[in-house]
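Asker: With the sequence up front, the predicted model follows.
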Amino acid sequence: MSLFNVYPLFDITPVKAQDVYVFDEKNTKYLDLYGGHAVISIGHSHPKYVQNISEQVSKIGFYSNSIQNPLQKELASKLAELSDCKNYELFLCNSGAEANENALKLASFHTNKKKVIAFKNGFHGRTSAAVAATDNLKIIAPINAQQEVEILALGDLESLEKALSKNDVCAVIIEFIQGVGGLDENTADFYEGIDKLCKKYNTCFIADEVQSGFGRTGDFFAFQKYNVTPDIISIAKGMGNGFPVSGILIHPTIKASFGLLGTTFGGNHLACAAAITVLDVIKEEKLMENAKEISAYFIEKSKEIPKLKKVKGRGLMLGLEFDFPIAEIR
């Protein structure tokens with residue numbers, strides 16, 4: 001059986017990794033700057049991570065959500081402390097797309113509406129409603145396109161209020177720093193304006209922190225630079241240091257009921273051990289402070305690059321914009 005060929009692959013075969021380096025089958029050493037998925041949050045093969053994962057899988061790796069799992073409660077407690085989102089509640093799942101899918105579904109349940117507002121160059125996943133809210137027609141199949149989604153220009157509060165005033169929008173979803181879309185970030189007036197408009201028109205404000213969360217910007221969440229209170233926060237990539245785990249943080253104005261959301265593998269013992277370890281290491285090794293230091297160093301050094309127009313993003317989510325087409329780079 002062959003593999004379904006949907007990925008253009010680099011001609012590299014990593015066989016081991018340590019800290020910020022990966023090694024191929026010829027023992028060639030590469031500095032790992034592959035930020036596209038940003039899942040390795042505390043470094044490859046971190047000793048505490050390896051130890052905790054190994055100890056957990058030797059005891060129990062998975063059991064159904066029909067039983068008590070104290071690791072879920074420990075994860076929620078540590079996440080509340082480090083993120084300073086103490087009054088939110090946690091629902092655990094497996095991937096960024098699943099987190100956003102549950103966020104959108106929950107918003108629709110809560111408001112009894114079905115339309116979604118998203119923004120140009122945004123990326124929210126490849127499943128049902130999440131991909132419909134993604135600004136890339138190439139990955140939206142006809143079955144996804146039946147979702148009611150309006151894509152607006154980043155920064156356009158006037159069009160947003162016009163859309164919300166029709167009272168059929170369940171959620172506005174946005175990345176505060178666009179990941180796949182090119183690390184664009186708008187103004188405080190825009191983000192805080194979204195927050196006010198969502199509250200005015202009974203619409204859930206979803207902060208997609210799948211790529212930007214877990215300290216990558218120097219703040220625990222990218223939205224925390226602004227005076228906003230999202231109704232739902234989606235988290236994933238940096239959460240498990242490569243282990244599949246994700247979730248949504250839910251504001252207490254949204255009430256839970258049995259069967260409202262569900263998952264088979266979400267919040268399993270091994271996933272919780274991975275995420276707890278990540279939080280511990282972020283705190284113990286002061287990795288958010290490190291992100292700010294690395295960011296400042298990168299920005300300062302980038303000033304030496306010819307034809308640089310500006311640096312985009314913040315923390316470890318940084319990119320460069322030049323005064324000439326990227327195709328001209330040799």
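Answerer: On my side now, so go ahead. Being a predicted model, the structure only gives us computed values, none of them experimental.
Asker: can you map out the helices along this protein?
Answerer: Along the chain, the segments classed as helices by DSSP state H run 47-59, 70-83, 96-111, 128-132, 142-145, 157-164, 188-200, 269-284, 287-302.
Asker: so who does the residue sitting nearest the centre point of the chain touch?
Answerer: Among the residues of the chain, the one closest to the centroid is V210, at 0.5 Å (CA atoms, centre = their mean). Residues in contact with V210 (CB atoms under 8 Å, 6 or more residues apart in numbering) are G96, A99, N100, H124, G125, E175, G179, S234, I235, A236, K237, S246. Any C-beta I mention is one placed from the backbone N, CA and C, and that applies to glycine too.
Asker: May I see those residues organised as CSV, with distance to N186, pLDDT and neighbour count added?
Answerer: As requested, the contacts of V210 are arranged in CSV below (distance: CB to CB, whole Å; pLDDT from 0 to 100; neighbours: other CB atoms under 10 Å):
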residue, distance to N186, pLDDT, neighbour count
G96, 21, 97, 28
A99, 22, 98, 33
N100, 19, 98, 31
H124, 17, 98, 31
G125, 21, 96, 24
E175, 10, 98, 28
G179, 15, 91, 25
S234, 19, 98, 30
I235, 21, 98, 29
A236, 22, 97, 29
K237, 21, 95, 26
S246, 25, 98, 27
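Asker: Next, format those residues as a markdown table and append distance to I42.
Answerer: Output for the contacts of V210, formatted as a markdown table (distance: CB to CB, whole Å):
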| residue | distance to I42 |
| --- | --- |
| G96 | 18 |
| A99 | 20 |
| N100 | 24 |
| H124 | 25 |
| G125 | 24 |
| E175 | 22 |
| G179 | 19 |
| S234 | 20 |
| I235 | 15 |
| A236 | 15 |
| K237 | 13 |
| S246 | 17 |
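Asker: Please identify which of those is nearest to E55.
Answerer: Among the contacts of V210, S246 lies closest to E55 (CB to CB), at 22.8 Å.
Asker: residues in contact with that closest one?
Answerer: By CB under 8 Å, 6+ apart, S246 lies in contact with 92-96, 98-99, 210, 234-236, 239, 266.
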